[in-house]
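Engineer: Sharing a model prediction with you, sequence too.
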Amino acid sequence: MNRFPRPPRWRERHFSDYANPSDSEMCFELPEAEQEELMLIRTRLLSRVTTVDVTVLTPRTEQQTSALVAVTEILDKLLTRFQKEECKHECERYLNSCLSDPTGPIDEKFQSKVVECTADDQKKIKKKLQAMLRQLEMEQDEQKQQEENLPNGDAHSHNNI
């Protein structure tokens with residue numbers, strides 16, 4: 001089952017206007033009996049709306065499910081690598097494999113698995129790879145800054161003592 005997490009306080013944010021009708025100037029202009037009737041209707045509607053839960057399912061064939069599992073395993077293994085530079089290059093190849101106009105080398109095995117996934121899953125895989133690549137680039141930038149802050153700019157100066 002593919003379930004998208006709802007942003008925090010989703011219902012509260014979207015239904016705050018209904019939950020706080022006293023903020024509306026129109027409410028004050030109505031007779032008290034109509035205000036009470038509107039409050040009852042509002043309460044009834046809010047109780048119905050807050051009990052609704054939407055789940056988005058992506059229908060997949062057995063082959064698509066198998067391909068998605070394989071791609072997920074590949075990406076999980078990629079995240080456990082210690083060599084960040086190698087990991088970054090592989091992530092770039094994987095991302096290029098998802099692009100219609102690759103900007104560099106691709107990984108054909110990975111591409112064949114991605115092509116077997118649903119179009120929706122392909123988009124998610126691409127977004128995940130983009131996020132992973134951004135994260136790896138940020139980590140590299142942080143590491144470079146730390147190395148620049150070492151005495152004499154030597155990243156290994158502390159080992160030469």
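Structural biologist: Now that the structure is in, tell me what you want to look at.

Engineer: Buried ones in the lengthiest helix in the chain, by neighbour count?
Structural biologist: Once the chain is assigned using DSSP state H, the helix that runs over the most residues is helix 119-148. For helix 119-148, burial by neighbour count (16 or more other Cβ atoms under 10 Å) applies to Asp121, Gln122, Lys124, Ile125, Lys126, Lys128, Leu129, Met132, Leu133, Leu136. (Glycine included, C-beta is placed from N, CA and C.)

Engineer: Out of those residues, which comes closest to Leu38?
Structural biologist: When these are compared for distance to Leu38 (Cβ to Cβ), Lys124 comes out closest, at 42.8 Å.

Engineer: Do you know the pLDDT at that closest one?
Structural biologist: Predicted confidence (pLDDT) for Lys124: 96.

Engineer: Sticking with the closest residue in space to Asp107 that isn't next to it in sequence, tell me its helix or strand.
Structural biologist: With sequence-adjacent residues excluded and distances taken as Cβ to Cβ, 6 or more residues apart in numbering, Asp107 is closest to Arg93, at 4.5 Å. Element membership for Arg93, per DSSP states H and E: helix 84-98.

Engineer: what's the neighbour count on the residue nearest to Asp107?
Structural biologist: By the measure other Cβ atoms under 10 Å, the count of residues near Arg93 is 18.

Engineer: I figured it hits Phe110, correct?
Structural biologist: Yes - under the criterion of Cβ atoms under 8 Å, Arg93 makes contact with Phe110 at 7.4 Å.

Engineer: what's the longest helix of the chain packed up against?
Structural biologist: Where contact means 3 or more Cβ pairs under 8 Å, 6 or more residues apart in numbering; DSSP states H and E, helix 119-148 is packed against helix 62-79, helix 84-98, helix 108-116.

Engineer: Among these, show me which one is buried the most.
Structural biologist: Among these, ranked by average contacts under mean count of other Cβ atoms under 10 Å, first place goes to helix 84-98 (a mean of 18).
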